[in-house]
Each structure stands twice: as structure tokens, then as C-alpha cells.
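Student: Kindly generate the corresponding structure for this input.
(2 chains, ligands or ions: 1)
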Amino acid sequence: MKKLLLGNAAVARGAYEAGVRVVSSYPGTPSTEITEEIAASYPEVYCEWAPNEKVAGEVAIGAAIGGARAMSCMKHVGLNVMADPVFTMSYIGANAGLVFCVADDPGMHSSQNEQDSRHYAEAAKITMLEPSDSAECKQFTKIAYELSEEYDTPVFLRLSTRVSHSQSMVELEDREERELLPYEKNIGKYVMMPGNAKKQHIVVEERQARLAEYANTSPLNRVEDNGAKIGVISSGITYMYAKEALGDKADYLKLGMVYPLPEKLIKDFAAKHDKVYVIEELDPFIENFCRAAGVDVIGKEIFTLLGEYTPTMIKEAVLGEKAPDYCELAENIPMRPPVLCAGCPHRGTFYVLKKLGLVVAGDIGCYTLGAVAPLASVDTTICMGASVSAAHGMAKARGKDFNKKLVSVIGDSTFMHSGITGLVDIVYNKGANTVIILDNSITGMTGHQDNPTTGYTIRKEPTKQVNLITLCKSVGVERVVVADPFDLKNFEQVVKAELEADEPSVIIAQRPCALLKTVKYTGHCKIGEDCRKCKLCMKLGCPAISEDGAGGVKIDVTQCNGCGLCVNVCPFGCIKKED
Amino acid sequence: MTKNIMIVGVGGQGTLLASRILGNTVINEGYDVKVSEVHGMSQRGGSVVTYVKYGDAVYSPIIDRGEADIILAFEQLEAMRALPYLKKGGKMIANNQKINPMPVIIGAAEYPENILDKIAKEVDLTAVDALSLAEQAGNFKAVNVVLIGVMAKSTDIPYENWIETIKTTVPPKFLDVNLKAFDLGYNL
Ligand SMILES: Cc1ncc(C[n+]2csc(CCOP(=O)(O)OP(=O)(O)O)c2C)c(N)n1
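Tutor: Numbers count the residues shown, from 1 in each chain, chains lettered A, B, ... in the order given. Coordinates of the predicted model:
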């Protein structure tokens, strides 16, 4: 049967068909739907959200050592968090098939950097496959498991936004039920201390040499001969762009395996062409390999290091063909950046922090949008968890008075991911920071995943819920306060009081995400006739409230969900809720 | 030849469902199909763009400037932003709804005036009051299906095939409203 599947859903299907038994991941765009699809569609497969990528990867590693085919999925920056076990797992091998799916985000649709994860494959000496569409997503996932077991190595599956989030046709097959492989104690292989690791390093180098040889004949890499003078070496989504742009005006060396690269195949292909282009988004990974192997190629001298490519851009660069004409209105088009949703609980928090003029060490989640005008409250965003630890560093650098104007804001999922260790540091090293945990009862930004603080597993089974109050208290924070960010007066008082304290404190800003099904705001808010046009409500940055063009303010009922925050903010009681 | 359809709007307007209905309908016609979606950050009230491409063999899932046969715009400003993607002789279908983006809300930019009139001077435009039609169908959130209905009329895919996919893509609870919404758009 054929089906239209998202790239990510096709990876999930591949895992299912390959007999995978254990999947542990932490969400991250554009990788999230792989694990969600497994949870939703394949009850045979155990799956979970782990608190962070390192834990997730280690769960998959343990499962593979334990004899089950296993998978862990993450976005590109997630691989940074998971890197530690990955580098050593390269030495240990796999036992049962072990695949790490990592999704890059060229163009940064939803990311804080544009790193190219192929460098990890080379650095950790782990084979990496890269599919170009959903059919290959499924097929390559299955091949990854075969290679993993045959060569006793973890395997990376590299995805990118356009592959992960495009739907295309996939032929479905049955699941191959697989027995657990035996688990046998093997200290030399599984205990990586220097004596053993020295021996395993030899194994790794031998394995990689064999895989480099395999790359030359692997069906993953193929030549498409159109009898053209131009040769194109490409992989992943860029292969599709090149193919659309150049059609049969070029021959292609389509690489499904991007590490190790097939030296002989590349040399043979290059020798048959007058000009060889390497077309790859982000870094010159394939290009540098070609140059080091003495193959003359054209690459980043005509293609950018930045962002996504398009077929038009390739056509212009390679064939010198002009882009098609198009029509444009000669007028400024206002941008439409993402904003906190109407009803978002974070809005109350940022309104207060802005009002108090505080320095806000921010973090990664929906609340990063607290940096967008008019709230423009967030000062820094680095990586998950850094709001807590970097604020500690700022306070140590600038002293007590500065610290009285400094807060950290961090979401519930991000706090569990890597905020708690920063908090331990503050307590241990005699800091006095104020940390605000934005507890909206869900992992919001990535599309509503459960996490250890929500009380549910990925499959919505009730489970133990991490209690943030007792957790913070247990690491030594004595001042822990829970406050509703929509109760603006009280919230402001709480923030002021905690900033004054000469010891660490945690404020749990508690109110659920407005998009949760359990949240039932009704009706909508309306500006009364008696409005005094002070426009304080405009400072909320609510997408439903805007100027009415007559000096006053109006509320768009199609955008308003009746959360009532503007009712609380109006000093004259002129905004009322209506059904 | 591939047919390129672009769906643009504001995060939260239901463009994703629209692209899925479209994708699943053309697939049943036996075409090769690619649907490129947007997830994550921009869904939070930002500009969202999805591409649907179908034909004998589709390679790239994205559509570039001057390549779209049809643009289905859920909002006026987004219609204006997407206009350069329309092919010469292509068709724009635009909802006349206006949603102010944050720069306009805070007074840092102005919402352009008479967008649809200006677009109509340049290209073939069908303007739709999809919000009223959706309300007429019973739920203002059915704007997406109204617009799919309008677009369906300008393809050569039979009516029944669209209804078939709506039945399998939309949650049963909202099926009646959505079927009504589709008809209102289709019979415009
Ligand atoms: C290392 C890493 N993993 C995953 C992500 C993707 N990501 C961005 S925000 C986020 C979760 C945010 O959830 P939460 O902290 O609960 O805040 P909310 O969005 O609900 O406000 C995730 C998983 C990332 N940016 N970095």
C-alpha cells in the first residue's frame, strides 16, 4: 500500500518495519514527529520522552546493548547535548541496531543556530545516511539498522527541515519481528576505561576503513548518467533541488551516505566530467573531502554558506539561466514575526518584568518570544538551561546590586532538561539569584509534548509527576513561591520580594498554556465606551488588541479567546468580558 | 508538468489542514505529490507558508518566485507577501480577512491599504469573504475549508473526490460544519 507520509512519519514507519523495540527522544523541531508518530501509531514499540537528549540517547544505547533495536531522535542542537555518550558509543559499537536521527534546520525556521551535524559523524567516526524524500526516509532507516548490526556501530540518520516536514509517497511494508539479541557480559567491549578503549579505538579505525570501502559500492550512493558534461555531487534535499533545476542537463552522483564518503566513486565520477559541482547546504563538507582527495570541484565559491537553497538559485549558478519574472507591489510589507498567542500565560510574566525594568536572562521555548516588541523584556537567549547558569555568572561578575535587578525565566520542560543543574550551582556556590519557572503545564514551543512535570507519559498514561516545589527545596532553595502570572498585582509583589532576598529563590509562575484542551476560556473581551484611551492594554503585545485608527483601541474577536489579562491590566475597569 | 499550489496565512488559521486535504485529494488522482509544511516557531502567529506540488514526478518540495500556478491566501497582507511567487498568468485566491501583525499593532509599521484592489490590477484574483461564509457554515474556524472549496472549483478534480478526502481528514465532530463550509466555497 502507498501512502502520503511526512518525512518524519516515514522514519517512524521505517523504525517500526525494522523491528525497533525502544525509542527514547527529547522533542525538537524539526525532529519531533518521528517519536510522536511512533507513540500514536505503533503500540508494539516502547517509546518515551526523556528529560533531555543525553538521557534519551543513553536509554537507546542501553536498549541496544540489551539486545533490542533502538532509536533516539533530536534536532541538531540536541546532538550537542547528547554528544558525550555518542563519542564513546562509537567505540563500544551497538550489539542490536542503534540509530540516532538528527534533524538540521538550514534557514533556521525554528532554531537558534544553523550548525551542520555532518561534522559530528566525522568527529565521532559514526556512519551517517541522508535521505532525500519520505520514501528514502523509510528505506534508509531500515538500511541503517542493517549496517549498524553488520558493522557493529551506531548509525546517524541526518534529516533536514524540508525532508522532515515534507510529505511524499511511501510504500508500506510489514514489520519484521525480531528476537532480542543475546546480552553477554563483555567487559572489554562495554567498559570504556583506558585499557579497553585503546583496543576499541583500533576496532573503530578498522571499521571505518571497511565502511569507507563499502561506500564505493553501496546502493545508497548512485550515479545517474544522462550523458551530460556537467557532473553534480549532492545529497539530501539539495539533490532534489539540483534535479529539479538541472534535469538531464547534468549527471548526478547522489550520495545517500554522507559519512564516510566514497573516494573512488567520487574520483571516477569526476574523471568523466568537464565540470563537477558539489551542491550542499550549510558547510562545504563533501567539497572539502573532494578537495583533500585531489578532486577539482566547484562549490562554495558560487554557493552560499547561509540558509536554504532553491532550484532557481542552482539554475542561475550552474546554467546562468535567469529566474522567472514575477510581480511585486512597490510597497513596504510589514513583517509578521511569531508572537506569544492570545491567552498565553507568559504574557503576564513579561508584562510585569518589563514594568519593573529588570534584566531578564532568557531561555528556549515559547517564552523566547518575550524578546519581541512591545514586551521586549528578554535580554539573553543562548541554549536550553543557560538562563539559570548564565544569570549566576552575571551576578558573580556584576555583584549584589545588579543581582537585585536580575531574573532568569525558564519553562517547565527546559528546567527539567538542564535548568536544575544550574540551580544546584547557584545554591552550592552561594548565589542569590531569582529564578522564575514558567510552568504552563506542557512543552509548548515544540507542539505540546508531555514532560516529567505534567503527570503524563508520551502515550498519555498517568504517571508520577515531578513536584517543582519539592524539587527546588530539596536542592537547597528555601524560598519557593507559586504565583499566577495573570494576577498582575500579586505577581509584581512576589517578584519584588524575591529580588530583595539575599538568598536564592524560585518563583513558579503557574498557569496552563491557552492552547491546551483542558483550558477553557470562553467569550471574548470588549473595550467599553468609557475607554480613556490610555493604551496600557497595548503594552501587553496581545495579537487581538490593536489601535482602532480613531485614537482608541479595539479587540479582534477572531483573535481574542477571552483570557481576561487585558481586563486585569486596565486601570479604569473599562475592558469587560462578554459571552 | 507539475502544478504548484501555495497556501499562505497566519499561524493558527488552519493552513496545515488545508494543505493536507489538498495533498490527499490529488494523491487519489494518481499523481506524484509533495506537500511541504511548516511546524514549530512560525506557527505562533507568524507568517506560514505551505507548498503543494503534483504531477508525473515531483522533485523539489518547495516553490520559488514566479512558479506558483495558484496561491491560496488566508489573509490580505500574506497575499501581498506571497504575490511574487505567482507565475505569469497564475491565479490568486484571497480571503479578505485582515490580521494585524505585531509591528502594525505597536505602531512601528502601517498595514497597507486596499491590498486586494492593488493585487487585482496585476493578476487574476478571486477575493472571498471566507470568514462570513465560515460563520454561515457554523464555525468561524472553518475558513480553511471554505477556501479549499473555492480553490477546488478551479481545478479539474471532481467534486466527490474532495468530499471523500474531507471525510477522512477532518475529525468526525466537525465534519458537518466542514462539509457545509466546503460547499459554500465551492458554489461561490
Ligand atoms: C538542546 C535542545 N533541545 C531541544 C530544543 C527544542 N526546543 C526548543 S524550546 C523547547 C521546549 C520548551 O518547553 P518549555 O520549556 O516547557 O517552554 P514553553 O515552550 O512551554 O513555554 C524545545 C524542546 C532546543 N532548542 N535545544
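Student: show me the contacts for residue 52.
Tutor: Using chain A here. A:26, A:81, A:384, A:416, A:417, A:418 (Cβ atoms under 8 Å, 6 or more residues apart in numbering or on different chains). C-beta coordinates here come from the backbone N, C-alpha and C atoms, glycine included.
Student: let's do chain B instead
Tutor: B:4, B:5, B:6, B:7, B:19, B:22, B:23, B:26, B:33, B:34, B:35, B:36.
Student: Quick check: it is in a strand.
Tutor: Yes: applying DSSP: H, G, I helix; E, B strand; the rest coil, one finds residue B:52 inside a strand.
Student: How many neighbouring residues does the closest residue to it other than its chain neighbours have?
Tutor: Nearest residue to residue B:52, sequence neighbours excluded (Cβ to Cβ, 6 or more residues apart in numbering or on different chains): residue B:5, at 4.5 Å. Other residues near residue B:5 come to 26 when the count uses other Cβ atoms under 10 Å in any protein chain shown.
Student: ok but residue B:5 is inside a strand, no?
Tutor: Yes: judged by three-state DSSP, residue B:5 forms part of a strand.
Student: And it, what's its pLDDT?
Tutor: We note a pLDDT of 96 for residue B:5 in this prediction.
Student: Residue of the stretch 51-200 of chain A nearest chain B, please.
Tutor: Residue nearest to chain B within the stretch 51-200 of chain A: residue A:110 (3.2 Å; Cβ to the nearest Cβ).
Student: Relative to the ligand, how far out is that residue?
Tutor: In this view, residue A:110 and the ligand are 8 Å apart by Cβ to the nearest ligand atom, to the nearest Å.
Student: Which of the helices or strands spans residue B:77?
Tutor: Following DSSP states H and E, one finds residue B:77 within helix B:76-82.
Student: hey, where'd the helices end up in chain B?
Tutor: B:15-28, B:76-82, B:102-105, B:115-122, B:130-137, B:143-153, B:159-169, B:175-186 (DSSP state H).
Student: helices or strands up against the shortest one?
Tutor: It refers to helix B:102-105. Packing partners of helix B:102-105 (3 or more Cβ pairs under 8 Å, 6 or more residues apart in numbering or on different chains; DSSP states H and E): strand A:545-547.
Student: For chain A, which residue gets nearest to the ligand?
Tutor: Distance from the ligand to each residue of chain A (Cβ to the nearest ligand atom) is smallest for residue A:411, at 2.1 Å.
Student: Now do stretch A:310-320, average pLDDT.
Tutor: 97.
Student: ok, and what's touching that stretch?
Tutor: When contacts are defined by Cβ under 8 Å, 6+ apart, stretch A:310-320 is touched by residues A:230, A:232, A:241-242, A:244-246, A:249-250, A:277, A:279, A:302-303, A:321-324, B:59-60, B:62, B:64-65, B:67.
Student: export it as PDB, just CAs?
Tutor: Coordinates of each C-alpha in stretch A:310-320 appear next as PDB, following Å, rounded to 0.1, in the frame of the first residue of the first chain:
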ATOM      1  CA  THR A 310      16.300  26.700  -4.000                       C
ATOM      2  CA  PRO A 311      16.200  25.200  -7.500                       C
ATOM      3  CA  THR A 312      16.100  28.700  -9.000                       C
ATOM      4  CA  MET A 313      19.300  29.600  -7.300                       C
ATOM      5  CA  ILE A 314      21.000  26.400  -8.600                       C
ATOM      6  CA  LYS A 315      19.800  27.100 -12.100                       C
ATOM      7  CA  GLU A 316      21.300  30.600 -12.000                       C
ATOM      8  CA  ALA A 317      24.600  29.500 -10.500                       C
ATOM      9  CA  VAL A 318      25.200  26.500 -12.800                       C
ATOM     10  CA  LEU A 319      23.400  27.300 -16.100                       C
ATOM     11  CA  GLY A 320      23.400  31.000 -15.900                       C
END
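Student: Quick check: residues of the stretch 401-550 of chain A near chain B?
Tutor: A:445, A:446, A:447, A:538, A:541, A:543, A:545, A:546, A:547 (Cβ under 8 Å from any Cβ of the partner chain).
Student: Farthest pair within these?
Tutor: For those, the farthest-apart pair by Cβ to Cβ is A:446 and A:547; their separation is 33.4 Å.
Student: Stretch B:19-39 near the ligand anywhere?
Tutor: No: judged by Cβ under 6 Å from any ligand atom, stretch B:19-39 makes no contact with the ligand; its nearest approach is 11.6 Å.
Student: gap between the two ends of that stretch?
Tutor: One end of stretch B:19-39 to the other measures 13 Å (Cα to Cα, to the nearest Å).
Student: in it, what counts as buried?
Tutor: If you call a residue buried by 16 or more other Cβ atoms under 10 Å in any protein chain shown, then stretch B:19-39 has these buried ones: B:19-27, B:31-39.
Student: So is it next to chain A?
Tutor: Yes: Stretch B:19-39 is in contact with chain A by Cβ under 8 Å from any Cβ, via B:20, B:23, B:24, B:27, B:32, B:33, B:34, B:35, B:36, B:37, B:38, B:39.
Student: Looks like the last one contacts residue A:33 (just checking).
Tutor: Yes: with contacts defined as Cβ atoms under 8 Å, residue B:39 counts as touching residue A:33 at a distance of 7.4 Å.
Student: Report the contact partners of the spatially most central residue of chain B.
Tutor: What sits nearest the mean C-alpha location of chain B, by Cα atoms, centre = their mean, is residue B:72, with 3.4 Å. Taking Cβ under 8 Å, 6+ apart, we find residue B:72 in contact with B:5, B:6, B:7, B:8, B:18, B:93, B:147, B:148, B:150, B:151.
Student: of those, the lowest pLDDT goes to which?
Tutor: Out of the contacts of residue B:72, that is residue B:18, at 92.
Student: How about that residue, nearest residue that isn't a chain neighbour?
Tutor: Per Cβ to Cβ, 6+ apart, closest to residue B:18 is residue B:144, 4.4 Å.
Student: Count the neighbours of residue A:204 for me.
Tutor: Other residues near residue A:204 come to 18 when the count uses other Cβ under 10 Å.
Student: Look up phi and psi at it.
Tutor: As for residue A:204, its main-chain torsions (degrees, to the nearest 10) stand at phi -60, psi -50.
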